[in-house]
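In: Could you look at this predicted model? Sequence included:
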Amino acid sequence: MTTTTLAVLVPLLPFLGSVAGLLLGRTAPGLVRPLAVLPTLAAAVLAVLVAVRQGGGKTIEAATQLTPTGSVPIDLALYIDGFAALVAVLVGVVATCVQIYSTGYLREDPRYPSYAALVSLFTSAMLLVVYSGDLMVLLVGWEIMGICSYFLVGHYWETPEARSASLKAFLVTKLGDVPFLIGLFALAVDAGTFRITGVLGAVASGGLDHPTLVALLLLAGVAGKSAQFPLHTWLPDAMAGPTPVSALIHAATMVAAGIYFTARLLPVFAASAAAMTVLAVMAALTMVGSALAALAQDDIKRVLAYSTIGQLGYMAGALAVGDRGAAVFHLLSHAAFKALLFLAAGAVIHAAGTNSLTAMSRMSGIAKRVPDAYWTMTVALLALAAIPPFAGFFSKEAVLVAAEHTALGDRTVAPAGAGWTVLVAGLLTALLTAAYALRLWLRTFRGRGAEAPDHGRQPLTMTGVLWVLAIPSLGFGLTVTYLDDWFDGHALTPTVTTAVLGTGLAVAGAAVTYAVWRTLAARTPAGAPAPHVAHPDAEAGQVEAEALRLPHPAEDPADPGRVLLGPLHGPAGDGFHLDAVYRAAFVRPVLAAASLVRFLDREVVDTYVSGAGSATKALGWLVRRAQTGNVQTYLSALLAGSVVLAIVAVALANAVAGA
């Protein structure tokens, strides 16, 4: 079988599994789980075969015209370079792990068939984005992911939090997708094609007439999909969806799409120094702001959500200094440990009966109840904090090295100012990341309150997946010296300067956090009252759905985040009030305009229509009253009319005679 055929099957198999799952979900429920897992697993295997055949060498291309347009043609095209081959493997592996995990996590959920089908469709759409060689076909996958996220985030639609979060995710990403679509059309007009190879050729020959405008329009869509400032606000609220969905969105699909798109079309952005500077500033604000917000969150999944935003900021920062190899390397590394973090968090949520860090900190024994989640989550948090030799250390260092080279003028793809911006923000974020990672670990696994409930052993489908993902979280970074050919041929190894600075700041952040926690814990009496927990026999998905309905737990006096952030804790916990800004700038004006339209419709348009009907009805009433059928009445009216006419005639004659 040719490589092209294998590549076509990679996105096609999950799509067929999704369709079959929807059609057979009610009539053959026993087939739902195999149809969820096996097509995705097969796609992952085929993606590995495609990657092996591509080998980091020559790009694999194939195309056929999809439809004649009369102007810019649209092609059904493949474009598989080293980046695409590796990212497709990542998507297939993480999606397979999520599907397997979900068979245990949501095994009693009545809506599991539709959930599994949507996850498969989500996976297929992302694989289409990864392999597509035509921007219009890529856009199809891009938009399908947005629709799938809407339904999956709102899976627990009985809760207002889930309904609100799904709508917010859809609308905020669409806010970026509108200029993104305009940018794609503008790019195609300048390049004369939607084919990625044609676009890159036009950039190389200087054929773009409006590089800055096109790049900024495209960046709006990237900011929405990849949750970059200022369109990142949907991602923390999207935690209302099931935890496996969060793992998929954060690790391998939705948020990865924007970074991957920018990496693939990086020459388009690099053609504009202004666009690269905007991207650098956006990445810096995203990194630092999200790390501060993560340090103030009380919900374990919101901590991880803001963590994802910050790590995406690292990737965007690498792109802003012109190093797509470092960006994709961190994308791959982050996907492994972030998927592990969310799936381990799902096991912890099940054990604690709530997803609140505040509630977890008042329980003891969670580490003993879920040892698999304890050990694997510890590995993932070490990778997140970029502690060597875990994967996050190598990929984060690749970003810092790229920023250092640009700042010092060793690379001229981007302005030196962009390099300094990314470098300083990246180092500060390294300190904050270690702080909130240790805070999460301490408050989750070192609680001093009531004994955590015993839910028994987690299903093997859940714990097995955790250990599978722990392997790349620990060792993927060690393969960096063997992957040069896949990353444009340049090395991604750390340098002494950035390694010492980055790791030193991470250790300092963790040390200060631990010291503050020890001090606060010594002042806080043990045996705090137990928070509300779900029934021990409840399924993990039911626990999570119930947790959305519970009131927020009382404030934890042993929270080091409050001491570390000081007066910033309140604003950081609320996302620096950016949602309030959006409500004032967009939501309220739209609601006011809607109220005005409703008033005009009711008081003006309806009044006019009702008045016209009433006038016609009144005229009809008068005519009906006149038509009595009584001859005497008609003669009386005729006589009265004649008298009136005579009087009027005499009056007019006298007036004329007098004149």
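Out: Alright, I've got the coordinates.
In: is it true that Gln65 lies in a strand?
Out: Yes - when DSSP: H, G, I helix; E, B strand; the rest coil is applied, Gln65 is found to be in a strand.
In: got a list of what it touches?
Out: 73-76 (CB atoms under 8 Å, 6 or more residues apart in numbering). The way it works is simple: take the backbone N, C-alpha and C, and place the C-beta from them, glycine included.
In: In strands, which of these appear?
Out: Among the contacts of Gln65, the residues falling in strands (DSSP state E) are 74-76.
In: which of the residues you listed lies closest to Ala188?
Out: Here the nearest of the ones in strands among the contacts of Gln65 to Ala188, counting by CB to CB, is Ile74; it sits at 9.4 Å.
In: list the helices and strands the lowest-mean-pLDDT helix or strand in the chain packs on?
Out: Sorted by mean pLDDT, DSSP states H and E, the helices and strands of the chain end with helix 540-547, the least confident at a mean of 71. The contact analysis (3 or more CB pairs under 8 Å, 6 or more residues apart in numbering; DSSP states H and E) places helix 540-547 against helix 82-105, helix 324-352.
In: Not counting its own residues, what contacts it?
Out: With CB under 8 Å, 6+ apart, helix 540-547 has contacts from 104-106, 108-109, 156, 158-159, 242-243, 346-347, 349-350, 353-356, 462, 534, 538.
In: related to what we said a few turns ago, give me whichever of the helices and strands packed on helix 540-547 is most buried.
Out: Burial of these is given as mean neighbour count (mean count of other CB atoms under 10 Å); helix 324-352 ranks first at a mean of 28.
In: quick one, that one and helix 82-105 angle?
Out: Comparing the axes of helix 324-352 and helix 82-105 via axes from the mean of the first three to the mean of the last three CA atoms, to 10 degrees yields an angle of 10 degrees.
In: Wasn't Gly409 part of a helix?
Out: No - using three-state DSSP, the assignment for Gly409 is coil, not a helix.
In: which residues does the closest residue to it other than its chain neighbours contact?
Out: Spatial nearest neighbour of Gly409, chain neighbours left out: Ala416 (5.7 Å); criterion: CB to CB, 6 or more residues apart in numbering. Contact analysis of Ala416 by CB under 8 Å, 6+ apart lists 406-409.
In: switch the cut-off to 7 Å
Out: Taking CB atoms under 7 Å, 6 or more residues apart in numbering, we find Ala416 in contact with 406-407, 409.
In: mind listing the helices for the stretch 301-450 of the chain?
Out: Applying DSSP state H, counting those that start in this stretch to the stretch 301-450 of the chain gives helices spanning 324-352, 357-360, 366-369, 371-384, 391-407, 416-445.
In: need those helices in JSON lines with distance to Val581 and mean pLDDT, can you?
Out: Shown next, in JSON lines, are the helices of the stretch 301-450 of the chain (distance: least, CB to CB, whole Å; pLDDT from 0 to 100):
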{"stretch": "helix 324-352", "distance to Val581": "28", "mean pLDDT": "92"}
{"stretch": "helix 357-360", "distance to Val581": "26", "mean pLDDT": "82"}
{"stretch": "helix 366-369", "distance to Val581": "37", "mean pLDDT": "86"}
{"stretch": "helix 371-384", "distance to Val581": "29", "mean pLDDT": "95"}
{"stretch": "helix 391-407", "distance to Val581": "29", "mean pLDDT": "93"}
{"stretch": "helix 416-445", "distance to Val581": "21", "mean pLDDT": "95"}
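In: among those, which is nearest Leu492?
Out: helix 391-407 (4.2 Å).
In: contacts for that closest one?
Out: Looking at what lies outside helix 391-407 - CB under 7 Å, 6+ apart - the contacts are 314, 317-318, 321-323, 326, 329-330, 333-334, 336-337, 383-384, 386-387, 411, 414, 416, 418-420, 422-423, 426, 430, 472-474, 476-477, 480, 492, 494-495, 497-499, 502.
In: Just the CA atoms of it, as CSV, please.
Out: What follows is helix 391-407, C-alpha atoms only, in CSV (Å, rounded to 0.1, in the frame of the first residue of the first chain):
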residue,chain,number,x,y,z
ALA,A,391,10.5,16.0,28.8
GLY,A,392,9.3,19.5,29.6
PHE,A,393,12.9,20.5,30.4
PHE,A,394,14.3,19.8,27.0
SER,A,395,11.4,21.3,25.0
LYS,A,396,11.2,24.5,27.2
GLU,A,397,14.9,24.9,26.9
ALA,A,398,14.6,24.7,23.1
VAL,A,399,12.2,27.7,23.2
LEU,A,400,14.5,29.7,25.5
VAL,A,401,17.6,29.0,23.4
ALA,A,402,15.7,30.1,20.3
ALA,A,403,14.7,33.3,22.0
GLU,A,404,18.3,33.9,23.3
HIS,A,405,19.7,33.5,19.7
THR,A,406,17.2,36.0,18.4
ALA,A,407,17.8,38.5,21.2
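In: how far out from the middle of the chain is that helix?
Out: 24 Å (CA atoms, centre = their mean, to the nearest Å).
In: Please, where are all the strands along this protein?
Out: 60-67, 74-80, 363-364, 450-451.
In: Next, the angle from the second one to strand 60-67.
Out: It stands for strand 74-80. Using the same axes, to 10 degrees: strand 74-80 against strand 60-67 is 170 degrees.
In: What is strand 74-80 packed up against?
Out: helix 3-24, strand 60-67, helix 135-153 (3 or more CB pairs under 7 Å, 6 or more residues apart in numbering; DSSP states H and E).
In: Can you point out the buried residues in the longest helix along the chain?
Out: Counting residues, the longest helix found in the chain (DSSP state H) is helix 160-191. Neighbour counts over helix 160-191 (16 or more other CB atoms under 10 Å) mark 161-162, 165-166, 168-170, 172-173, 175-177, 179-184, 186-188, 190-191 as buried.
In: From the contact counts, what lies against it?
Out: Under the contact rule (3+ CB pairs under 7 Å, 6+ apart), helix 160-191 is packed against helix 135-153, helix 196-204, helix 211-225, helix 234-237.
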